[in-house]
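> Turn this into a structure:
(one chain, ligands or ions: 1)
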Amino acid sequence: MNEPLHIVGGGMAGSEAAWQAANMGVDVVIHEMRPNIKTFAHRTGDLAEMVCSNSFRSDDDEQNAVGLLHWEMRAAGGLIMEMADRHRLPAGGALAVDREPFARAVTERLVSHPKITVQADEITKIPESGQWIFATGPLTSEGLGQAIARETGSDALAFFDAIAPIVHFDSIDMSRAWMQSRYDKGDSEAERTAYLNCPMDKDTYEAFIDALIAADKTEFHDGEDAPYFDGCLPIEVMAERGRETLRHGPMKPVGLTNPHQPEIKPHAVVQLRRDNALGTLYNIVGFQTKMKYGPQASVFRMIPGLEDARFARLGGIHRNTFLNSPTLLDDRLRLRARPNIRFAGQITGVEGYVESAAMGLVAGRLAAAGMLGRTLPPVPQDSAMGALIHHITGGADAKTFQPMNVNFGLFRPVDGLKGGRRGRRDRYKAYTDRAKAAWQGWLEHVRHGAELAV
Ligand SMILES: Cc1cc2nc3c(=O)[nH]c(=O)nc-3n(C[C@H](O)[C@H](O)[C@H](O)COP(=O)(O)OP(=O)(O)OC[C@H]3O[C@@H](n4cnc5c(N)ncnc54)[C@H](O)[C@@H]3O)c2cc1C
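Residues are numbered from 1 along each chain as shown. Purely as a prediction, here's the structure:
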């Protein structure tokens with residue numbers, strides 16, 4: 001095995017992938033375009049630069065899905081977690097990171113690794129041969145973005161996300177909401193009841209429009225200018241265009257009968273659509289938004305049935321290059337049509353520093369195992385890593401696919417546990433216990449193979 005593994009992009013995912021593959025005994029070349037070619041968000045030439053907040057979010061590995069992902073990465077000897085721990089700042093239960101020393105430390109570790117070479121170059125083609133991981137992130141350079149679009153089909157690559165909020169099903173009050181597709185359309189019972197509907201009377205609707213218009217909005221970063229396409233206007237922009245616009249758009253009350261009050265015709269209806277095969281998550285249809293997170297949650301909790309909603313993720317609109325992974329990638333993060341090409345990090349449709357590094361970890365290990373002549377079993381779906389991979393490569397609906405944070409809504413239910421708010425602590429502990437055992441089991445396979453390879 002003389003050929004190296006090529007990793008394009010030395011961000012969160014590429015750095016972790018390189019570390020994992022090199023430690024399994026594979027030669028690695030990282031191709032990172034910075035500092036020669038800049039992005040609007042990165043400021044340095046360091047690898048693993050944190051472009052905005054300095055938080056890795058919750059570090060609670062028993063009650064929080066992102067904390068569980070921290071645990072899984074630590075168990076796998078992850079470089080990003082080791083350096084984050086070393087450069088940790090006080091932040092209560094969250095893992096905040098001193099960003100500059102963190103990125104410098106990651107860079108030094110990688111540059112000084114005997115099996116890793118870092119080259120400052122931009123890759124603009126999808127190579128025909130060799131083993132490659134593309135981890136070029138939300139700000140993938142234009143040339144490469146075009147090459148990926150040519151390879152995958154332009155419909156399969158997005159340059160912006162327009163995320164509608166996603167709600168945990170078990171936090172929706174079904175004594176107010178009901179399941180029904182408009183005009184009962186569909187050939188099967190499942191299709192005729194595919195949408196979850198929340199009715200609004202006139203007063204609630206008027207108050208909702210006022211709140212939407214008044215809520216604080218986020219601005220685009222310098223250089224991030226996003227063209228709004230009429231198909232995915234932020235909901236508050238629609239409301240500003242006219243108080244009735246939403247009632248004639250995503251909130252139109254037609255073709256629906258509220259079984260809880262069949263004699264009253266709703267003034268408006270908010271619809272939610274199933275977001276994953278498990279049926280644990282629902283997105284609010286047409287509600288992409290640039291409202292800030294705090295006001296956004298309060299405004300959406302004004303919707304009847306969503307008063308106690310827990311959000312798996314809130315809405316947003318950002319510059320973000322990402323693949324339609326459910327149609328393009330297999331469960332080993334390989335391009336189905338070109339298995340020598342893998343993707344990792346945010347470009348696969350995960351969201352966040354931690355999730356991106358996690359996908360890098362898995363991609364690095366899978367690529368290295370393949371190059372060492374070994375086939376690893378799929379990453380177990382019950383681990384946080386596996387739940388994310390399963391979501392982006394198959395569990396999510398390809399037609400509405402948008403980037404996703406790790407959250408417990410992606411996990412298979414644990415039999416015999418209570419649903420709803422009251423059972424939450426026990427449920428989350430059961431998820432995290434099960435995930436840790438599954439992940440340890442998978443790591444054993446990799447460890448065994450790595451020993452054989454030396
Ligand atoms: C403006 C902005 C703010 C964000 N804020 C946050 C936040 O606060 N918290 C959070 O968790 N996440 C945030 N994100 C998301 C964040 O970018 C990801 O979570 C994480 O950095 C993604 O990791 P990655 O490795 O996939 O991509 P990156 O970390 O972006 O790494 C990709 C690397 O690829 C390089 N590259 C791109 N194209 C090429 C090419 N053709 N050839 C060679 N190299 C190339 C880039 O220079 C970059 O170093 C933000 C994203 C943006 C754009």
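
> so what's the residue in the stretch 1-150 of the chain positioned nearest to the ligand up against?
Closest residue of the stretch 1-150 of the chain to the ligand, CB to the nearest ligand atom: residue 11 (1.8 Å). For every residue, glycine as well, the C-beta is placed using N, CA and C. Shown in contact with residue 11 (CB atoms under 8 Å, 6 or more residues apart in numbering): 47-49, 135-137, 345, 356.

> Which one (most neighbours) among the residues you listed?
Using other CB atoms under 10 Å as the neighbour test, those are led by residue 135, with 33 neighbours.

> got the contacts of residue 11 as JSON lines, with secondary structure, distance to residue 150 and pLDDT columns?
Shown next, in JSON lines, are the contacts of residue 11 (DSSP: H, G, I helix; E, B strand; the rest coil; distance: CB to CB, whole Å; pLDDT from 0 to 100):
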{"residue": "47", "secondary structure": "coil", "distance to residue 150": "28", "pLDDT": "98"}
{"residue": "48", "secondary structure": "coil", "distance to residue 150": "29", "pLDDT": "98"}
{"residue": "49", "secondary structure": "coil", "distance to residue 150": "28", "pLDDT": "96"}
{"residue": "135", "secondary structure": "coil", "distance to residue 150": "19", "pLDDT": "98"}
{"residue": "136", "secondary structure": "coil", "distance to residue 150": "15", "pLDDT": "98"}
{"residue": "137", "secondary structure": "coil", "distance to residue 150": "19", "pLDDT": "97"}
{"residue": "345", "secondary structure": "helix", "distance to residue 150": "21", "pLDDT": "98"}
{"residue": "356", "secondary structure": "helix", "distance to residue 150": "24", "pLDDT": "98"}
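
> nearest to residue 257, of these?
residue 356 (44.2 Å; CB to CB).

> can you tell me how far the closest one sits from residue 380?
Distance, residue 356 to residue 380, by CB to CB, to the nearest Å: 20 Å.

> do the same with residue 446
Counting by CB to CB - residue 446 and residue 380 are separated by 12 Å.

> now residue 232
Between residue 232 and residue 380 the computed distance is 35 Å (CB to CB).

> Pick out whichever of those two has more residues nearby.
residue 380 (19 against 15).

> Show me which residues of the stretch 101-250 of the chain are close to the ligand?
Counting by CB under 6 Å from any ligand atom, the stretch 101-250 of the chain comes close to the ligand at 122-123, 135-141, 144, 221.

> rerun that using 5 Å as the cut-off
Applying CB under 5 Å from any ligand atom, we find that the stretch 101-250 of the chain lies next to the ligand at 122-123, 135-138, 140-141, 144, 221.

> Name the member of those residues with the most neighbours.
Per-residue neighbour counts (other CB under 10 Å) across those peak at residue 135, which has 33 neighbours.

> What mean pLDDT does the helix or strand harbouring residue 143 get?
Per DSSP states H and E: residue 143 is located in helix 142-152. What helix 142-152 shows for mean pLDDT is 95.

> The strand or helix carrying residue 56: which residues count as buried?
Assigned by DSSP H and E, residue 56 falls within strand 55-58. Residues of strand 55-58 classed as buried by neighbour count (16 or more other CB atoms under 10 Å): 55-58.

> min pLDDT across those residues, which one?
The weakest per-residue confidence within the buried residues of strand 55-58 falls on residue 55 (91).

> ok, it - contacts?
Residue 55 sits next to 91, 94-97 when contact means CB under 8 Å, 6+ apart.

> which stretches of this structure have low pLDDT?
Counting by pLDDT under 70, the chain has low-confidence residues at 1, 221-231, 418-421, 449-454.

> Show me where it has its helices.
Using DSSP state H, the helices of the chain run over residues 12-23, 65-75, 79-86, 99-111, 142-152, 189-192, 202-214, 235-241, 293-300, 325-328, 353-371, 384-390, 424-453.

> Please state the offset of the last one from the chain centre?
Between the mean C-alpha location of helix 424-453 and the chain-wide mean there is a distance of 21 Å, by CA atoms, centre = their mean, to the nearest Å.

> what angle separates that helix from helix 65-75?
For helix 424-453 against helix 65-75, the angle by axes from the mean of the first three to the mean of the last three CA atoms, to 10 degrees is 20 degrees.

> What residues of helix 424-453 count as buried?
In helix 424-453, counting by 16+ other CB under 10 Å, buried: 424, 427-428, 430-432, 434-436, 438-439, 442-443, 446, 449-450, 453.

> List buried members of the contacts of residue 55 by neighbour count.
Buried subset of those (neighbour count, 16+ other CB under 10 Å): 94-97.

> and those residues, which of them are in strands?
Counting by DSSP state E, the buried ones among the contacts of residue 55 place 94-97 in strands.

> Pick the one among the residues you listed closest to residue 300.
residue 94 (23.6 Å).

> The ligand contacts on the stretch 351-454 of the chain?
352-353, 356.

> Of those residues, just say which sits nearest to residue 373.
Checking these against residue 373 by CB to CB gives residue 356 as the nearest, at 28.2 Å.

> List the contacts of stretch 41-49.
Stretch 41-49 is contacted by residues 10-12, 14-15, 30, 32, 34-35, 51-52, 80, 83, 99-100, 102-104, 106-107, 110, 118, 120, 139, 221, 223-224 when judged by CB under 8 Å, 6+ apart.

> which among those residues end up buried?
Neighbour counting over the contacts of stretch 41-49 (16+ other CB under 10 Å) leaves 10-12, 14-15, 30, 32, 34, 51, 80, 83, 99, 102-104, 106-107, 110, 118, 139 as the buried ones.

> on that earlier part again, and the residue of the stretch 1-150 of the chain closest to the ligand, its phi and psi?
phi -90, psi -150 (degrees, to the nearest 10).
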